[in-house]
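Colleague: When you get a sec, could you give me coordinates for this:
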Amino acid sequence: MSAFDKRPDRLLKFFFKVPVWLHKMGFGGWERMVGAQWMLITTTGRKTGKGRDAMVDVMDYDKATDTYYIEAAYGARADWYKNMQSNPIFEAQVGRRKFKARAGAISNEGAGEMLVQFYRRKPAYTRSVMTMAGMKFKDEDELRAIGKDLTLLAIKPEKE
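Modeller: Next up, the predicted model:
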């Protein structure tokens with residue numbers, strides 16, 4: 001069982017909010033020091049109608065299609081993911097770039113392969129995040145199998 005199998009407790013929710021707060025205070029981009037790139041997403045709350053912020057890993061970016069690939073650690077249980085289902089257009093920010101966006105799901109096979117590619121580019125970061133989540137793997141085949149159970153999304157800017 002991994003940390004992602006259940007919803008985060010209050011302490012973990014607080015931990016996940018710290019990068020959002022740092023970003024809003026003007027310290028966005030510091031994640032690059034640990035080998036990561038993050039996307040700040042602001043969804044519209046499905047119950048409250050208020051803006052809700054979350055920080056997610058950018059696993060890849062395809063410049064040709066202007067598509068960002070992110071992972072929803074808690075999958076369909078994540079509040080921000082549920083908000084996207086109710087209100088599919090949301091605000092996104094990567095670095096200084098801000099845009100309205102829409103998300104689409106990636107196939108299980110595609111998710112597994114994307115996780116392996118992310119690991120090849122950022123092995124230490126991937127191992128540390130996976131360990132924190134209670135997910136251990138011996139090789140790329142095990143990692144690919146884990147990736148098939150995760151929710152990966154393709155984020156595309158909305159055309160204005």
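
Colleague: T48: how many residues sit nearby?
Modeller: Neighbours of T48 under the rule other Cβ atoms under 10 Å: 9. Every C-beta, even on glycine, is put in place using the N, C-alpha and C of the backbone.

Colleague: K100 now?
Modeller: 12.

Colleague: Show me what secondary structure element comes after the lowest-mean-pLDDT helix or strand in the chain.
Modeller: Least confident element among the helices and strands of the chain, by mean pLDDT, DSSP states H and E: helix 10-22 (a mean of 63). From helix 10-22 onward toward the C-terminus, using DSSP states H and E, the following helix or strand is strand 38-44.

Colleague: In contact with F99: list those residues for me.
Modeller: 91-93, 157-158 (Cβ atoms under 8 Å, 6 or more residues apart in numbering).

Colleague: which of these count as buried?
Modeller: Neighbour-count burial (16 or more other Cβ atoms under 10 Å) applied to the contacts of F99 gives 92-93.

Colleague: just the contacts of F99 now: which is nearest A111?
Modeller: A92 (19.6 Å; Cβ to Cβ).

Colleague: Okay, now the unreliable bits of the chain?
Modeller: 1-23, 25-35, 160 (pLDDT under 70).

Colleague: in its sheet, what does the longest strand that it contains sit against?
Modeller: In the chain, with assignment by DSSP state E, the single longest strand is strand 51-62. Strand 51-62 sits in its sheet next to strand 38-44 (antiparallel), strand 67-72 (antiparallel), going by DSSP bridges.
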